[in-house]
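Asks: Can you look at this prediction? I've put the sequence above it.
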Amino acid sequence: MTSLFDRAALAALLLACLGLAVLNWLHDHPGSNPWAPLVLTERPGWATARKLDALRADAGTCRAFLQHSGLADNPLPPQGEGACRREDRRTVLLAEAQLSPQRAEATCAVEAGLAWWLRHGVQSRAEAIYGSPVVELEHLGTVNCRRIGGGDTGAWSEHATGNGIDIAAFVLANGRRIEVRRDWKGGGRDAAFLHAVRDHACGAFSTVLSPDYNAAHADHLHLDQMRRPASWSVCR
């Protein structure tokens, strides 16, 4: 007859085995492990959104992501004053594509978001739709000391601190160019590609505004890393 002690020992053994199995599973699925640092090569999981949000909240966590992912990091001295003071200022360096113009300055969170978006959204869709990777992102700028809408009142734009970037076109390795203004409503695979990468950007950035939002965004995808309560995001 099994004693109470034996049953307790068996239960403890089963719990230990279960715990070990969970730890092994989390080790093999870092995207679902909230304690594992985010790395560019990991497969996205249920914890990925929380990890990406942590990059926006803390520059140190963001820099660690760049380091763990083997991405170049080129910090620059702080610059600017008042609402346009840029404490987190760096040259954006991407491993899988180049920016055009090349000299783009932004926050670490924007650089990390671009790297994640390229690896897990843009390139996979480019390969699936065109059979060719994206080698260049054409942009309209990152830094602009202004308020939203360009007026004298109202909230400051995320561009004021370099916490956003406007993407206007994608250039593929085969020479094909997909332009937001020309191709967003054109139908066919170019429009399908643009809508797909817009949708995926909504996971890598806290704000994504496309031509579907308003006429001011007819020629670009606005991507920024604005911090909001409860990780609330905007995707239009």
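Replies: Cool, got the structure.
Asks: alpha carbons only for contacts and neighbour counts from here, please
Replies: OK.
Asks: strands paired with whichever strand in the chain runs longest, and their directions?
Replies: For the chain, the longest strand by residue count, based on DSSP state E, is strand 164-172. Here strand 164-172 is paired, per DSSP bridges, with strand 134-139 (antiparallel), strand 177-179 (antiparallel), strand 221-224 (antiparallel).
Asks: of all those, which lies closest to Gln79?
Replies: Smallest distance to Gln79 across those (C-alpha to C-alpha): 19.3 Å, for strand 221-224.
Asks: Show me how far stretch 60-75 is from its chain's centre.
Replies: Relative to its parent chain, stretch 60-75 has a centroid offset of 13 Å by C-alpha atoms, centre = their mean, to the nearest Å.
Asks: Quick one: mean pLDDT over it.
Replies: For stretch 60-75, the mean pLDDT works out to 94.
Asks: For that stretch, buried residues please.
Replies: Residues of stretch 60-75 classed as buried: 61-66, 69, 71, 73, 75 (neighbour count, 16 or more other C-alpha atoms under 10 Å).
Asks: Kindly reformat the residues you listed as a markdown table containing distance to Ala109 and secondary structure.
Replies: A markdown table is the format used below for these (distance: C-alpha to C-alpha, whole Å; DSSP: H, G, I helix; E, B strand; the rest coil):
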| residue | distance to Ala109 | secondary structure |
| --- | --- | --- |
| Thr61 | 10 | helix |
| Cys62 | 6 | helix |
| Arg63 | 9 | helix |
| Ala64 | 11 | helix |
| Phe65 | 10 | helix |
| Leu66 | 10 | helix |
| Ser69 | 14 | coil |
| Leu71 | 13 | coil |
| Asp73 | 12 | coil |
| Pro75 | 12 | strand |
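Asks: where does this protein dip in pLDDT?
Replies: The model of the chain has pLDDT under 70 over residues 1-2, 5-30.
Asks: would you list every one of the strands in it?
Replies: Applying DSSP E to the chain gives strands spanning 74-76, 89-91, 98-100, 105-106, 134-139, 164-172, 177-179, 207-209, 221-224, 234-235.
Asks: Packed most tightly, which of those strands would that be?
Replies: Among these, strand 221-224 has the highest mean neighbour count (mean count of other C-alpha atoms under 10 Å), at a mean of 28.
Asks: That'll do, ta.
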